[in-house]
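[1] Coordinates for the following, if possible.
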Amino acid sequence: MASNKNIKYLNRTFDDFRASLIEYTKTYFPTTYNDFSPASPGMMFMEMAAYVGDVLSFYLDNQVQENYLQFARQSNNLFELAYMFGYKPNVVGVATTNIDFYQKVPSILSGSQYVPDFNYALFIPNNFTVSTTVSNQTSPIVSFLVADAVDFSVSSSTDFTEISVYEVSGNNPVYYLLKKSRKAVSSTVNSTTFSFGSPVKFSTVNIVSDNMIGVLDCVDSNGNIWYEVDHLGQEMVFNSIKNTNVNDPNLSLYSDAPYLLKLKKIQRRFTTRFKNSTTLQLQFGAGTAADSDEEIVPNPDNIGIGLPFEQTKLTTAFSPSNFLFTKTYGIAPSNTTLTVRYLTGGGVGANVAANTITKINVNARFLNQNLDANTANDIFGSLAATNPIAASGGGDGDTIEEIRQNSMMNFSTQLRNVTQDDYLVRAMSMPSIYGNIAKAFIEPTKIKNLSAGESNSVLDLYILTFDVNRNLIAPSPSLKQNLITYLSQYRMLNDSINIKNAYVINIGVNFDIIVLPNYVSTDVITRCINGLQVYFDISNWQINQPIILRDLYVLLDRVEGVQTVKNLEIVNKTGIESGYSLYSYDIKGATSNGVLYPSLDPMIFEVKYPNTDIQGRVVPL
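    Modelled structure (predicted):
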């Protein structure tokens with residue numbers, strides 16, 4: 001019987017199948033068929049069977065291989081596997097640059113001084129585009145999206161308005177020039193619509209386009225906003241509200257956070273995924289607007305509601321962040337039309353040269369309407385834009401290997417803050433409209449500072465921000481509240497974060513040098529001061545960074561005209577009345593072996609007034 005015959009299951013290639021069929025025939029049909037010459041009819045059928053087996057084996061191996069992220073080669077399968085690991089591949093690389101916006105405003109007499117008349121300050125709404133103006137076969141028009149609004153009437157540490165005199169008449173300014181800077185990414189705004197009838201669970205629509213970046217916004221025919229989320233089970237999104245007295249009378253006293261960051265629970269949501277490099281799929285929820293979507297306090301009576309058998313409660317996994325599974329995952333669009341704006345662009349061609357992005361593709365407006373018509377038209381004509389540096393970053397999307405590596409990395413972190421450095425990166429990445437985190441430092445809470453029974457998983461996050469002059473100051477309560485809200489969505493369950501102010505220690509530098517013969521002493525001193533100003537630029541310093549005095553000696557020794565550095569001293573600058581920090585520091589006691597160490601409490605050294613706090617002398621040999 002066939003069940004007693006020796007059948008080999010390990011054959012994988014054509015030659016293996018062919019040899020096995022010949023051996024099988026010789027073993028079990030020795031008298032029936034014995035012509036194994038290449039031209040015989042029997043060999044033709046055996047080789048055809050070996051061919052079929054080889055092809056089936058190939059496709060079986062290929063299909064198994066495509067199920068594993070580290071071995072898959074087909075882009076469509078890699079896209080699906082990436083989403084399973086929580087990573088959204090990039091199909092195109094976008095270029096970024098800074099755009100400077102200019103407008104002139106008339107002067108107005110305030111008391112005895114001329115100041116800019118901010119009634120003529122223009123406002124440009126968010127999500128507008130600027131573009132290059134050169135268009136030919138080799139240099140097509142490239143569009144850039146500016147996500148943040150431009151309001152020339154507002155100036156703060158996070159949104160500084162640079163003011164300079166534009167036109168003078170009779171020693172008095174007639175016009176001032178206002179300047180603002182914004183980040184821009186290479187993208188063109190496109191629009192498409194989708195109509196929906198009766199609600200369909202988890203309905204999907206596809207947007208097909210080349211060089212697609214993602215969805216900008218989605219609005220239905222009733223004006224309702226639909227929010228993009230990472231997954232349909234996510235019901236909380238970040239929401240921005242202007243920091244005004246009406247929205248929050250307590251936090252509106254502080255200007256370092258123009259907007260307050262809040263969490264908003266939404267039903268109208270969708271998720272996106274790239275099916276391939278040219279197709280973006282939008283998927284919606286399964287519920288209706290009438291479905292209950294309330295927050296329920298867990299208790300022994302409602303945990304397990306909806307489970308088919310009570311005995312499974314012991315083995316059912318509940319999420320602490322979303323223990324109630326409503327099965328709706330948001331509502332499905334019905335009897336409406338969705339208008340979806342999406343972005344395309346990027347690529348190598350988006351890396352345009354400096355000063356080529358000069359066209360503003362939006363109509364600016366005045367916030368104040370009671371203005372002189374002739375002056376207003378003149379101001380409109382003065383609005384201009386340019387990119388002082390070339391755009392960079394444009395290129396192709398993720399390669400096959402990049403999708404693999406990024407997916408595995410994303411799966412291990414799941415956007416959560418796992419290490420201390422993750423909290424630093426996340427804090428520094430908070431959008432500037434919610435406050436500018438200039439410096440951050442994190443460490444475990446010292447044992448002596450832990451309360452009785454408190455876990456040692458408590459972390460202390462020390463932060464500082466900039467004032468309008470880019471000097472370090474303590475953050476306001478509004479900025480701290482925004483940071484708390486922001487980190488709450490990425491914090492590990494057992495991590496506790498204390499947000500504290502770091503200390504600022506203001507210092508000065510005094511040095512004595514000997515100048516080489518035939519050099520002008522004042523020129524050498526100026527070069528030395530300029531070198532120290534660059535060295536102590538606050539952007540180069542971090543909290544708890546020591547000062548290595550040897551580096552300062554080496555820096556000055558390399559200045560042209562310096563023969564030797566005779567002496568160098570770091571001095572403490574303190575006193576609120578002089579504009580310095582109120583904290584003093586024992587410089588001499590903290591210096592050991594040529595290194596000025598920071599204190600145990602996190603702090604940062606700052607040369608607040610580099611033009612006056614760095615002083616040098618030329619001394620004789």
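
[2] And stretch 89-103, what's buried?
    The neighbour-count criterion (16 or more other Cβ atoms under 10 Å) identifies 89-97, 99-103 as the buried residues of stretch 89-103. Glycine gets a C-beta too; all of them are placed from N, C-alpha and C.

[3] of those, closest to residue 279?
    Nearest to residue 279 among the buried residues of stretch 89-103 is residue 91, at 9.5 Å by Cβ to Cβ.

[4] Surely that closest one and residue 274 touch.
    Yes: judged on Cβ atoms under 8 Å, residue 91 makes contact with residue 274 at a distance of 5.8 Å.

[5] what touches both of the two?
    residue 212 (Cβ atoms under 8 Å, 6 or more residues apart in numbering).

[6] returning to that earlier point: need the buried residues of stretch 89-103 in a markdown table with distance to residue 162, can you?
    Converted to a markdown table, the buried residues of stretch 89-103 look like this (distance: Cβ to Cβ, whole Å):
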| residue | distance to residue 162 |
| --- | --- |
| 89 | 39 |
| 90 | 34 |
| 91 | 37 |
| 92 | 34 |
| 93 | 31 |
| 94 | 27 |
| 95 | 25 |
| 96 | 21 |
| 97 | 18 |
| 99 | 14 |
| 100 | 9 |
| 101 | 11 |
| 102 | 9 |
| 103 | 12 |
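
[7] Where does the prediction get shaky in the stretch 251-400 of the chain?
    255-256, 288-328 (pLDDT under 70).

[8] Apply 90 and report the result again.
    Across the stretch 251-400 of the chain, residues meeting the criterion (pLDDT under 90) sit at 251-267, 275-278, 285-331, 345-353, 362-363, 367-373, 380, 391-400.

[9] Please enumerate the strands of it.
    259-265, 269-276, 279-284, 336-344, 357-360, 365-366, 384-386, 395-396 (DSSP state E, counting those that start in this stretch).

[10] and for the last one, what are the contacting residues?
    This means strand 395-396. With contact meaning Cβ under 8 Å, 6+ apart, strand 395-396 is reached by 92-93, 346-348.

[11] Extract the C-alpha trace of the helix or strand just after that strand and format it as CSV.
    Once the chain leaves strand 395-396, the next helix or strand it forms, by DSSP states H and E, is helix 400-413. C-alpha atoms of helix 400-413 as CSV (Å, rounded to 0.1, in the frame of the first residue of the first chain):
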residue,chain,number,x,y,z
ILE,A,400,13.9,48.4,2.2
GLU,A,401,16.5,48.1,4.9
GLU,A,402,15.4,51.4,6.5
ILE,A,403,11.8,50.1,6.8
ARG,A,404,13.1,47.0,8.5
GLN,A,405,15.3,48.8,11.0
ASN,A,406,12.9,51.6,11.8
SER,A,407,10.1,49.1,12.3
MET,A,408,12.0,47.0,14.8
MET,A,409,13.2,50.1,16.6
ASN,A,410,9.7,51.5,16.8
PHE,A,411,8.3,48.2,18.1
SER,A,412,10.8,48.1,20.9
THR,A,413,9.9,51.7,22.1
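
[12] List the buried residues of helix 400-413.
    403-404, 406-407.

[13] who does it touch, helix- and strand-wise?
    helix 75-84 (3 or more Cβ pairs under 8 Å, 6 or more residues apart in numbering; DSSP states H and E).

[14] Give the pairing partners of the following helix or strand past the helix it packs on; include direction for each.
    On the C-terminal side of helix 75-84, the closest following helix or strand by DSSP H and E is strand 92-93. In the sheet, strand 92-93 lines up against strand 395-396 (antiparallel) (DSSP bridges).

[15] measure residue 612 to residue 492 for me?
    46 Å (Cβ to Cβ, to the nearest Å).

[16] higher neighbour count, the two?
    Using other Cβ atoms under 10 Å as the criterion, residue 612 and residue 492 rank with residue 492 on top: 14 against 10.

[17] Help me confirm that that one comes into contact with residue 418.
    Yes: at 6.8 Å, residue 492 and residue 418 qualify as touching, with contact defined as Cβ under 8 Å.

[18] that older thread, can you lay out the strands of the stretch 251-400 of the chain as CSV showing mean neighbour count and distance to residue 159?
    Below are those laid out as CSV (neighbours: other Cβ atoms under 10 Å; distance: least, Cβ to Cβ, whole Å):
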stretch, mean neighbour count, distance to residue 159
strand 259-265, 17, 10
strand 269-276, 19, 30
strand 279-284, 20, 32
strand 336-344, 18, 24
strand 357-360, 19, 18
strand 365-366, 14, 18
strand 384-386, 17, 16
strand 395-396, 15, 30
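
[19] nearest to residue 378, of those?
    Each of the strands of the stretch 251-400 of the chain has some distance to residue 378 by Cβ to Cβ; the shortest is strand 365-366, at 12.4 Å.

[20] For the closest one, give me every contacting residue.
    119-123, 376.

[21] Check the offset of that strand from the chain's centre.
    Distance, stretch centre to chain centre, for strand 365-366: 30 Å (Cα atoms, centre = their mean, to the nearest Å).

[22] Ok, stretch 349-365 next?
    22 Å.

[23] repeat for stretch 577-596
    Counting by Cα atoms, centre = their mean, stretch 577-596 comes out at 36 Å from the chain centroid.

[24] same deal with stretch 68-80?
    With Cα atoms, centre = their mean, you get 26 Å for stretch 68-80.

[25] how far off strand 336-344 does the helix or strand hosting residue 176 point, in degrees?
    Here residue 176, judged by DSSP H and E, is contained in strand 172-186. Angle of strand 172-186 versus strand 336-344, following axes from the mean of the first three to the mean of the last three Cα atoms, to 10 degrees, is 100 degrees.

[26] what packs against strand 172-186?
    Counting by 3+ Cβ pairs under 8 Å, 6+ apart, strand 172-186 packs on strand 96-110, strand 113-116, strand 143-146, strand 162-169.

[27] Go through the ones you listed and name the closest to residue 369.
    strand 96-110 (15.9 Å).

[28] tell me the average confidence for that closest one?
    Across strand 96-110, pLDDT averages out at 92.

[29] and the end-to-end length of stretch 582-600?
    18 Å (Cα to Cα, to the nearest Å).

[30] buried ones in that stretch?
    Applying 16+ other Cβ under 10 Å to stretch 582-600 flags 585, 587, 590, 596, 598 as buried.

[31] Give me the contacts around it.
    503-505, 507, 543-550, 570-572, 574-576, 603-605.

[32] In PyMOL, how would I select just the buried ones from these?
    Listed next is the PyMOL selection for buried residues among the contacts of stretch 582-600, using 16+ other Cβ under 10 Å:
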select buried, resi 503+504+505+507+543+544+547+549+570+572+603+604+605
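
[33] Looking at the contacts of stretch 582-600, which are in strands?
    503-505, 507, 547-548, 570-572, 603-605 (DSSP state E).

[34] Any idea how far apart the tips of stretch 226-243 sit?
    24 Å.

[35] Correction: the previous question concerned stretch 253-268.
    34 Å.

[36] Equivalent analysis for stretch 266-284, please.
    So stretch 266-284: terminal residues 13 Å apart, Cα to Cα.

[37] again, but for stretch 511-521
    14 Å.

[38] How about that stretch, which residues are buried there?
    511, 513, 515.

[39] With stretch 122-136 instead?
    In stretch 122-136, counting by 16+ other Cβ under 10 Å, buried: 122, 124, 128-132.

[40] Enumerate the beta-bridge partners assigned to residue 336.
    residue 196.

[41] shouldn't it be in contact with residue 219?
    No: between residue 336 and residue 219 there is no contact under Cβ under 8 Å: 10.1 Å.

[42] With residue 333 as the reference, measure out to the spatially most central residue of the chain.
    Taking Cα atoms, centre = their mean as the criterion, residue 429 is the residue nearest the geometric centre of the chain, at 5.9 Å. As judged by Cβ to Cβ, residue 429 and residue 333 stand 32 Å apart.
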